[in-house]
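Undergrad: predicted model follows, preceded by the sequence.
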Amino acid sequence: MHRINFNGGDKRAWPLSGAVDYLGDREGWPAFLSERLSAWRITDVILFGDCRPLHRAAIELARHTGVAVHVLEEGYLRPGWVTLEAGGVNGYSSMPHDPAWYLNEGHTAPEISTGSWSGDGFTMRAVYDVQYNLGVMSWMFRFRKYRTHKPWHPSSEYRAGFWRFFRIPAMKRRAREIVNAIVRSGVPYYVFPLQLDADSQLRYHSPFGGMTAAIRRVIESFAANAPADAALAVTEHPLDQGVINLREIVESCALAAGVSSRVHFMHCGTPSDLIDGCRGLITVNSTMGLSALSEGRRVIALGRAIYALPGMTFQGGLDAFWNGHDHPDQNLVDAFRRVIAQRTQLRGGIFSARGRAMAVEGMLLRLKRFVEDSVVVPGQTLGAARPRAELPVEDVEALAFSHDAPDEDELAQTA
């Protein structure tokens, strides 16, 4: 097993031997990795996330040299799941986009196992993030050329989160008041859950590049096309620390569009009972879309999303969505969930020892089958240097490399 560290957070997160520090810049990374892949005879690359610059370069190099690529990410199904796909995830997923394929494969896919694991909580995420970034800062003298891909320094989030912490109880009370008022009013309403502005799915797999442009587009379309008595509930991502004042942006866009009285902003996430009664949910490509589909709600995805299939999400464009009356095919939604659970999901988590142990156990079993059986499902490309059936398990050589903390940052592993 080999590992490459990009910063002090990586060094802190990997207590085992066999790690090498990469001290160069982004321009020198492909040549360094190429030499390591050859010297260590790497057979498979496993990354956490596939959008960051260092990861994109690694994926392209691996494919060019015939090394198989596997990508880990937080689960398509949440909470309590981790994604593992060959080739890429989310907008880069190689899973088919043919509804008929999922209906056919769904006949043999098992029911989704629930188990007792409910996922990693916010406290676990926060502790991991702080520990990781303390490691980054502690080793800055060694990793002088390291640069994060994030649009702001972690200290900006910590400052915003510190002051926000004391306002959370009031924010939650106000959000509950708004939800109750909307539900009691009896007016038709739509829900627009926001994503983190640094979310790679938003930046790389949508036409917006950030949350501000998406907010403006949705509110302008709502004002011009939604029923005159309808309301729009815009809900903040539960992990948003308020570095960007999204409430101010939402209110400014609503005022400019002349719908201030009909657009409501809520902090601290999206309550389930708000989804239950909505006429439709608008998302860029959040996993909230798949959750809403599972509840039978109408959904439109404005960016690339693995679940944005005909028969599941609305395909007619945002302006037509507000007055549509179609509903997702629940047989297709159920088949889709069971197939992706079987093919791409692992029970477990990232930020706790228990969750990681569960995910690693499932990942090892799946990778072992990958090596032994050389099974290719439609749409997947394995890219192995040798036919997998000719490659004994004991010949698999592993390399791990990491870049920033998971969720909004990178954790890459190469096997």
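TA: Right, received. Where do you want to start?

Undergrad: not counting sequence-adjacent ones, nearest residue to Met266?
TA: Closest residue to Met266 apart from its sequence neighbours, by Cβ to Cβ, 6 or more residues apart in numbering: Ala175 at 4.1 Å. For the C-beta atoms, the positions are set from N, CA and C on the backbone; glycine is no exception.

Undergrad: what's the mean pLDDT across the helix or strand where the one you found lies?
TA: Assigned by DSSP states H and E, Ala175 belongs to helix 168-185. Averaging pLDDT along helix 168-185 gives 95.

Undergrad: with stretch 232-245 instead?
TA: The model assigns stretch 232-245 a mean pLDDT of 94.

Undergrad: report the buried residues of that stretch.
TA: By neighbour count on 16 or more other Cβ atoms under 10 Å, the buried set for stretch 232-245 is Leu232, Ala233, Val234, Thr235, Glu236, His237, Leu239, Asp240, Gln241, Gly242, Val243, Ile244.

Undergrad: please tell me I have it right and the fifth one contacts Cys268.
TA: Think Glu236. Yes: contact status for Glu236 versus Cys268: in contact at 6.4 Å, counting by Cβ atoms under 8 Å.

Undergrad: pull the CA atoms of the helix holding Ala175 into PDB?
TA: Only the C-alpha atoms of helix 168-185 are listed here, as PDB (Å, rounded to 0.1, in the frame of the first residue of the first chain):
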ATOM      1  CA  ILE A 168     -29.200  28.700  15.300                       C
ATOM      2  CA  PRO A 169     -32.100  28.300  17.800                       C
ATOM      3  CA  ALA A 170     -33.700  31.500  16.700                       C
ATOM      4  CA  MET A 171     -33.200  30.500  13.000                       C
ATOM      5  CA  LYS A 172     -34.900  27.200  13.500                       C
ATOM      6  CA  ARG A 173     -37.800  28.700  15.300                       C
ATOM      7  CA  ARG A 174     -38.300  31.200  12.500                       C
ATOM      8  CA  ALA A 175     -38.000  28.500   9.900                       C
ATOM      9  CA  ARG A 176     -40.700  26.500  11.700                       C
ATOM     10  CA  GLU A 177     -43.000  29.500  11.800                       C
ATOM     11  CA  ILE A 178     -42.600  30.000   8.100                       C
ATOM     12  CA  VAL A 179     -43.300  26.300   7.300                       C
ATOM     13  CA  ASN A 180     -46.400  26.300   9.500                       C
ATOM     14  CA  ALA A 181     -47.700  29.500   7.900                       C
ATOM     15  CA  ILE A 182     -47.200  28.200   4.300                       C
ATOM     16  CA  VAL A 183     -48.900  24.900   5.100                       C
ATOM     17  CA  ARG A 184     -51.800  26.500   6.900                       C
ATOM     18  CA  SER A 185     -52.400  29.000   4.100                       C
END
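
Undergrad: just checking, what packs against the helix or strand following that helix?
TA: The helix or strand immediately downstream of helix 168-185 is strand 189-193, counting by DSSP H and E. With contacts defined as 3 or more Cβ pairs under 8 Å, 6 or more residues apart in numbering; DSSP states H and E, strand 189-193 has these neighbours: helix 211-225, strand 231-235, strand 280-283.

Undergrad: winner for burial among the ones you listed?
TA: Comparing the helices and strands packed on strand 189-193 by mean neighbour count (mean count of other Cβ atoms under 10 Å), strand 280-283 ranks first with a mean of 26.

Undergrad: dump it to CSV, keeping only the CA atoms.
TA: Extracted in CSV, the C-alpha atoms of strand 280-283 (Å, rounded to 0.1, in the frame of the first residue of the first chain):
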residue,chain,number,x,y,z
GLY,A,280,-42.8,20.5,-6.9
LEU,A,281,-39.1,20.7,-5.9
ILE,A,282,-36.5,22.6,-7.9
THR,A,283,-32.8,21.7,-7.5
